[in-house]
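J.: Just need the structure, nothing else, for what follows:
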Amino acid sequence: MTPFLRTPAPVESTRVPVDDGDDGDDGADCGDGAVHVGPTSAGALHAAIVGASSAFLAMLERLQRIARSDAPVLIEGETGCGKELAARSIHYGGLRRAGPFVPVNCGALPDHLLEAELFGHERGAFTDAKTARCGLVAEANGGTLFLDEIDALSAKAQITLLRFLQDQRYRPLGSSRELVTHVRVVAAGNQPLGELVRAGQFRADLLYRLEILHLQLPPLRERSGDARLLAQHFNALYSVKYRVAARAFDAATLAWLDGHRWPGNVRELENWVQRELLMGEGSAPGGLQPMSFSPAGAGAGAGAGAAAGAAAGAAFRPVDFRRAKAEAVRRFECDYVAQIMKQAEGNVTRAAHLAGKERRAFGKLLKKHGIARPAGLD
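T.: Residues are numbered from 1 along each chain as shown. Okay, here's the model as predicted:
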């Protein structure tokens, strides 16, 4: 999930009291609030921003304007662009910075768990409900509720969320009491919700409630010159984390960084730097090689990875066994997943079934290799 913002250093936990709108004790396991570890100042986040391109600066200026309001926000962009850290920047630069920031992965919540996770439940509400429990909307009271992968919500889940967004009132499962919370809703999706609405995959009325303010994150290929800045940043960051010497970027590497299309965006670039620091040998003492661990998708399509593999085989040079094995596994995974997706005509559920994997695990492979899910398909 690392994007155009640097990963902040660990800071103190922030506790914010949760007021469920009821003076009585409902027995729910809410404690005195939700604990969320993360950056706690707009200054810390602003100082960690990496980028200097015109596209990035325009996005950043809009983000700062959005942070000054309290209206719902929809953040859209390709996978790996940094939607969650953009949401965090909006939160910690906004009016609710003293409150909790509660992220929710909508793609990981099946329908039968959605209401219990969001709204909580009473004791005995279902078979395993041995104690009452507050939901995520209560934990986020006074702060920001971040709904990630909003485009993955089922039709039923969309209705549930729409009702909550109307007035932020809800009922925990098994309860007859209506509670109210006060949160800023920030949502994010990999697929354009407008296209999903036109395809009948997403409710238009829910989109209208989420998209009062809109932030579009530019892909890395449209951020001229930012790839080298990010690579240099990650080089310094991970050399400290892994306790290895920072590596130098020669002119060929910098040119390659600028010219590569980065289909997996900043996440792909970050992973390349980490692999190269840990496994690469470099084109010169202390240097980084542009193609020694070039990410999949360097060409026009997924088949470019296989072509690059063939070219590497033709010009074989001795490398460390573990490094060569890791690269072979990476190329196999990327090519395999791309071919399965092609055979399934872009349908993730069908592709996961063909691969004999759970949908969630298959989705992680797509994310890992920067293979985008086609808009309008499950």
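J.: alpha carbons only for contacts and neighbour counts from here, please
T.: Fine.
J.: what about the stretch 151-300 of the chain, any weak spots by pLDDT?
T.: 281-300 (pLDDT under 70).
J.: can you count the residues close to K241?
T.: Residues near K241, counting by other Cα atoms under 10 Å, number 8.
J.: Helices along the stretch 251-378 of the chain, start to end?
T.: 251-259, 265-279, 303-314, 321-343, 348-355, 359-368 (DSSP state H, counting those that start in this stretch).
J.: Just the buried residues of the shortest one, please?
T.: Going back to what we said before, that points to helix 348-355. 348-352 (16 or more other Cα atoms under 10 Å).
J.: Who are the packing partners of it?
T.: Where contact means 3 or more Cα pairs under 8 Å, 6 or more residues apart in numbering; DSSP states H and E, helix 348-355 is packed against helix 321-343, helix 359-368.
J.: and the first one, how far out from the chain's middle?
T.: Averaged C-alpha coordinates place helix 321-343 at 22 Å from its chain's average position (Cα atoms, centre = their mean, to the nearest Å).
J.: Report all helices and strands that it contacts.
T.: Short answer (3+ Cα pairs under 8 Å, 6+ apart): helix 321-343 packs on helix 303-314, helix 348-355, helix 359-368.
J.: What mean pLDDT does that helix get?
T.: Per-region confidence: helix 321-343 scores 78 on mean pLDDT.
J.: residues contacting Q339?
T.: Not one residue lies near Q339 by Cα atoms under 8 Å, 6 or more residues apart in numbering.
J.: how deep is F119 tucked in, by neighbour count?
T.: Neighbours of F119 using other Cα under 10 Å come to 21.
J.: Run through the residues that contact the residue lying closest to L220 once chain neighbours are set aside.
T.: Nearest residue to L220, sequence neighbours excluded (Cα to Cα, 6 or more residues apart in numbering): N265, at 5.2 Å. By Cα under 8 Å, 6+ apart, the contact set of N265 is 78-81, 219-221, 370.
J.: you'd agree R133 is up against E122?
T.: Yes: using Cα atoms under 8 Å, R133 is in contact with E122, at 6.5 Å.
J.: Quick one: the strands in the stretch 101-250 of the chain, in order.
T.: With DSSP state E, counting those that start in this stretch as the definition, the stretch 101-250 of the chain shows strands at residue ranges 101-105, 144-148, 169-170, 179-180, 184-189, 213-216, 248-249.
J.: mind checking which of those is nearest S239?
T.: Nearest to S239, of all the strands of the stretch 101-250 of the chain, is strand 248-249, at 11.5 Å by Cα to Cα.
J.: what packs against the closest one?
T.: In this structure, strand 248-249 packs against strand 287-288, with contacts taken as 3+ Cα pairs under 8 Å, 6+ apart.
J.: one more time with 10 Å
T.: helix 226-241, strand 287-288 (3 or more Cα pairs under 10 Å, 6 or more residues apart in numbering; DSSP states H and E).
J.: Just name the most buried of the ones you listed.
T.: Burial of those is given as mean neighbour count (mean count of other Cα atoms under 10 Å); strand 287-288 ranks first at a mean of 22.
J.: tell me the domain boundaries of the protein?
T.: Domain segmentation of the chain under automatic domain parsing yields 14-218, 226-295, 307-378.
J.: rewinding a little: looking at the helices of the stretch 251-378 of the chain, which is nearest to A108?
T.: helix 359-368 (7.4 Å).
J.: tell me what that closest one is packed against?
T.: Using 3+ Cα pairs under 10 Å, 6+ apart: helix 359-368 touches helix 265-279, helix 321-343, helix 348-355.
J.: among those helices, which is the most enclosed?
T.: Most buried of these, by mean neighbour count (mean count of other Cα under 10 Å): helix 265-279, with a mean of 21.
J.: by how many degrees do it and helix 321-343 diverge?
T.: Interaxial angle of helix 265-279 relative to helix 321-343 (axes from the mean of the first three to the mean of the last three Cα atoms, to 10 degrees): 150 degrees.
J.: Pull the distance from helix 265-279 to the chain's centre.
T.: 17 Å.
J.: Export that helix to CSV, keeping only CA atoms.
T.: Extracted in CSV, the C-alpha atoms of helix 265-279 (Å, rounded to 0.1, in the frame of the first residue of the first chain):
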residue,chain,number,x,y,z
ASN,A,265,2.8,2.1,-10.1
VAL,A,266,4.8,3.0,-6.9
ARG,A,267,4.2,-0.3,-5.3
GLU,A,268,6.0,-2.0,-8.2
LEU,A,269,8.8,0.5,-8.1
GLU,A,270,9.2,0.0,-4.3
ASN,A,271,9.3,-3.8,-4.6
TRP,A,272,11.9,-3.5,-7.4
VAL,A,273,14.2,-1.4,-5.2
GLN,A,274,13.9,-3.8,-2.3
ARG,A,275,14.7,-6.8,-4.4
GLU,A,276,17.6,-5.1,-6.0
LEU,A,277,19.0,-4.0,-2.6
LEU,A,278,18.7,-7.5,-1.2
MET,A,279,19.5,-9.7,-4.2
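J.: Now do that helix against helix 251-259, angle only.
T.: Computed by the same axes, to 10 degrees, the angle between helix 265-279 and helix 251-259 is 150 degrees.
J.: orientation of helix 265-279 relative to helix 359-368 in degrees?
T.: Relative orientation of helix 265-279 and helix 359-368, computed by the same axes, to 10 degrees: 80 degrees.
J.: can you list the helices and strands packed on strand 248-249 in TSV and add distance to A204?
T.: Putting the helices and strands packed on strand 248-249 into TSV (distance: least, Cα to Cα, whole Å) gives the following:
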stretch	distance to A204
helix 226-241	35
strand 287-288	48
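J.: between the ones you listed, which gets nearest to L269?
T.: In terms of Cα to Cα, the element of the helices and strands packed on strand 248-249 nearest to L269 is helix 226-241, at 6.9 Å.
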